[in-house]
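[1] Just the structure for this:
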Amino acid sequence: TPPPPPTPTLRGPEPSGAIAMAEEAKEKEKPRLQKLSTARGVIETTQVLKKLLDLEEIGKDVFRGPSQQTPWKRVFGGQVLAQALMAASRTANNKHNKEYVEGKTGEPMSAHSLHAYFVRAGDIHEPVVFEVERIRNGRSYASRRVCATQKGETILQMLVSFHKSEQGLVHQSPMPNVGTPSLAMEAWRTANESLPRPWYASGSGLLPVLEPAEVWLPPPLPK
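    Got it, this is the predicted structure:
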């Protein structure tokens, strides 16, 4: 009797270049994620973040920031976004805003709205230059436009609005005096145990009816 034919092995399609690069980047990212699970790793990562956001002022309203090395060989978009916001903020606070020093804007301002567009992929081997345009300095609002470039080419454009700190309308009602969640559960159990609960017969014995005919409310919580 001849031997049976071998069972064919089902194989999926070979991963494309993009999928293979993504899997390779994921493997390289594992050590960093494991490092973030420790307190020392979080501190070291925070120090790296501070260095990335510590922009160098190379001209009037022109700043330069470093690029972080990434497994996918492209600048992380969140890094450029944060650096661009930092560059705009450097022109709208009390340390670097000439108008504030002269008493024209009243007090420092904080960003409350921004719109950004990623134009090109960034190169991790090149620093990023941020050019800030002071569109308007008002009494309550200030507008800035930021252009992030590498080698003379734009990689990000941002429009951000700043607003001074001031009191506004309060739309939230005050929190009532209520008990803790543990007290609420205890009151619910007490009320539930006092309910008359009918039973019905089943193959495994008597089981309680889970749908009472009336709605019972728990007693009020202690103040």
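[2] so is R134 in a helix, a strand, or just coil?
    Secondary structure for R134, judged by DSSP: H, G, I helix; E, B strand; the rest coil, is strand.
[3] so how many other residues sit close to it?
    Neighbourhood size, R134 [other C-beta atoms under 10 Å]: 16. Every C-beta, even on glycine, is put in place using the N, C-alpha and C of the backbone.
[4] Surely it and F162 touch.
    No. R134 is beyond contact range of F162, at 10.7 Å (criterion: C-beta atoms under 8 Å).
[5] intersection of neighbour lists for these two?
    Common contact partners of R134 and F162 (C-beta atoms under 8 Å, 6 or more residues apart in numbering): 142-144.
[6] Closest one of those residues to I58?
    R144 (17.5 Å; C-beta to C-beta).
[7] Okay, now the sheet partners of the host helix or strand of the closest one, with direction.
    Assigned by DSSP states H and E, R144 falls within strand 141-150. Using DSSP bridges, the strands paired with strand 141-150 are strand 128-137 (antiparallel), strand 153-164 (antiparallel).
[8] Going by neighbour count, list what's buried in the last one.
    What it means is strand 153-164. For strand 153-164, the neighbour count (16 or more other C-beta atoms under 10 Å) marks 155-162, 164 as buried.
[9] and which of those residues is nearest to Y117?
    For these, the nearest to Y117 is Q157 (5.0 Å; C-beta to C-beta).
[10] And that closest one, how close does it get to W188?
    Separation of Q157 from W188 (C-beta to C-beta, to the nearest Å): 55 Å.
[11] how about the strands paired with strand 141-150, which one is nearest M21?
    Among the strands paired with strand 141-150, strand 153-164 comes nearest to M21, with 20.6 Å by C-beta to C-beta.
[12] circling back: quick one: buried residues of the strand holding R144?
    142-144, 146-150.
[13] what residues does it touch?
    Contact with strand 141-150 is made by 80, 83-85, 87-88, 91-92, 105, 109, 120, 122-123, 126-136, 154-164, as judged by C-beta under 8 Å, 6+ apart.
[14] rewinding a little: redo the buried residues of strand 141-150 as a markdown table? Include pLDDT.
    A markdown table is the format used below for those (pLDDT from 0 to 100):
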| residue | pLDDT |
| --- | --- |
| A142 | 89 |
| S143 | 92 |
| R144 | 95 |
| V146 | 97 |
| C147 | 97 |
| A148 | 96 |
| T149 | 95 |
| Q150 | 94 |
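[15] which residue ranges form the strands in the protein?
    Taking DSSP state E, the strands of the chain run over residues 56-59, 62-65, 109-118, 128-137, 141-150, 153-164, 199-202, 205-208.
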